[in-house]
Every structure is written in C-alpha cells, then in structure tokens.
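Enquirer: no letters, just coordinates:
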C-alpha cells in the first residue's frame, strides 16, 4: 500500500485442523490418567476460541482502517472436520462451529450425516466462556497445550510438504514420459 498497491481483491483463509486436536489431546489425557469426560471437547473449544480471536481482530480500529483501504478479512477455515474417534457423534466438528464468514471443508459423509440428523449447536458467540473452561481443564489435567500445538503444526507442515513433493514428482514424471 505504501508504494501504491491495493488491498482490493486479496482474499484468504486461515486453516484450523479440528479433529487432529482431539486426537492428540485425547491421547495425552489418557496418558495422564485424566477424567475421561474431558475427551472429545478440546478441538471444538480451541476452534471456538480461535473464532473469538477472529472477531476481536476484525472489530478493531486497526482492522477498520485496513478495511477502509479495501482489505477483506481472512476467514477461518475449519479443516479435518470428519470424526476420527467413532465414539464421538459423527457431526461433532460441524454443529458447534457454524459461524458467520467461516469455511468448512466438511467430508461428504459428515455433510450427509449433518443433513440427516443434526442441527446447529449453540451460537458460537455464546460458547467462549465454556470453551475457555475446557481448555483450562485440559491444561489442569497436565496437558501442555503449547507442545500439543507445536507437534500438530510440525505434523501438518510435514504432511503439506510431503503432498507438495509427491505432486511435483508426479508432474515431473508425467512430463518426462511425454518427451
């Protein structure tokens, strides 16, 4: 913008991998011998708190100044919203994460389940206190959330890098075959 650029037309999302959070935290809760009622709650709570942060950022004076220059908000994208643990409701990562301006990469099986037997959960803005309590309880049970998120970030980066390498190798191989 300082050198005449424009913010018009720039759109993006910030991806949050939901079910992987429960997979990692549930494992650590088991290792700690924690109350089993904490399992299957951290992923949704974490995403709800991320949405709270989104609302705070995009209601700030700084944001309004950027918006006046054509900036568009970076939207939260809920990824990995298929349930990995079959003990959990099949729409666990959908119903309580419906919110304005979000994107959900819901798997077809989960979408069909939602259409069949689910409905929107509590409006996300009404969940922030409970979500914070869940994350505090997980921490109090001995789970190091900073380490959880570091591990998940490292795993996610590796998966994306591996996929990129696989894609570029496939393209390279196909180009070689055409020569």
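Expert: Thanks, I have it. What you see is a predicted model; the values in this text were computed from it and never measured.
Enquirer: show me what counts as buried in the strand or helix carrying residue 27.
Expert: Per DSSP states H and E, residue 27 falls inside helix 19-32. Going by neighbour count (16 or more other CB atoms under 10 Å), the buried part of helix 19-32 is 19, 20, 21, 22, 24, 25, 26, 28, 29. For every residue, glycine as well, the C-beta is placed using N, CA and C.
Enquirer: what residues does the helix or strand where residue 45 lies touch?
Expert: Following DSSP H and E, the helix or strand that holds residue 45 is helix 42-57. Residues outside helix 42-57 that contact it (CB atoms under 8 Å, 6 or more residues apart in numbering) are 14, 16, 18-22, 25-26, 63, 73, 76, 78, 92-93, 96-97, 99, 102, 124-125, 127-128, 130-132, 134-135, 138.
Enquirer: just the buried ones among the residues you listed, please.
Expert: Judged by 16+ other CB under 10 Å, buried ones among those: 16, 18-22, 25-26, 76, 78, 92-93, 96-97, 99, 102, 124, 127-128, 131, 134-135, 138.
Enquirer: now stretch 115-123: buried residues?
Expert: 118, 121.
Enquirer: just stretch 151-169 next, same as before
Expert: Using 16+ other CB under 10 Å as the burial criterion, the residues of stretch 151-169 that qualify are residue 152.
Enquirer: that one: how far from the chain's middle?
Expert: 17 Å (CA atoms, centre = their mean, to the nearest Å).
Enquirer: other residues contacting it?
Expert: Contacts for stretch 151-169 (CB under 8 Å, 6+ apart): 17, 20, 21, 24.
Enquirer: dump those residues into TSV; add distance to residue 143 and pLDDT as well.
Expert: Formatted as TSV, the contacts of stretch 151-169 follow (distance: CB to CB, whole Å; pLDDT from 0 to 100):
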residue	distance to residue 143	pLDDT
17	17	92
20	14	95
21	11	97
24	9	97
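Enquirer: quick check: of the residues you listed, which lies closest to residue 144?
Expert: residue 24 (10.9 Å; CB to CB).
Enquirer: apart from its neighbours in sequence, what residue is nearest that closest one?
Expert: Among residues not flanking residue 24 along the chain, residue 148 sits closest, at 5.3 Å (CB to CB, 6 or more residues apart in numbering).
Enquirer: shouldn't residue 14 be within a strand?
Expert: Yes - using DSSP: H, G, I helix; E, B strand; the rest coil, the assignment for residue 14 is a strand.
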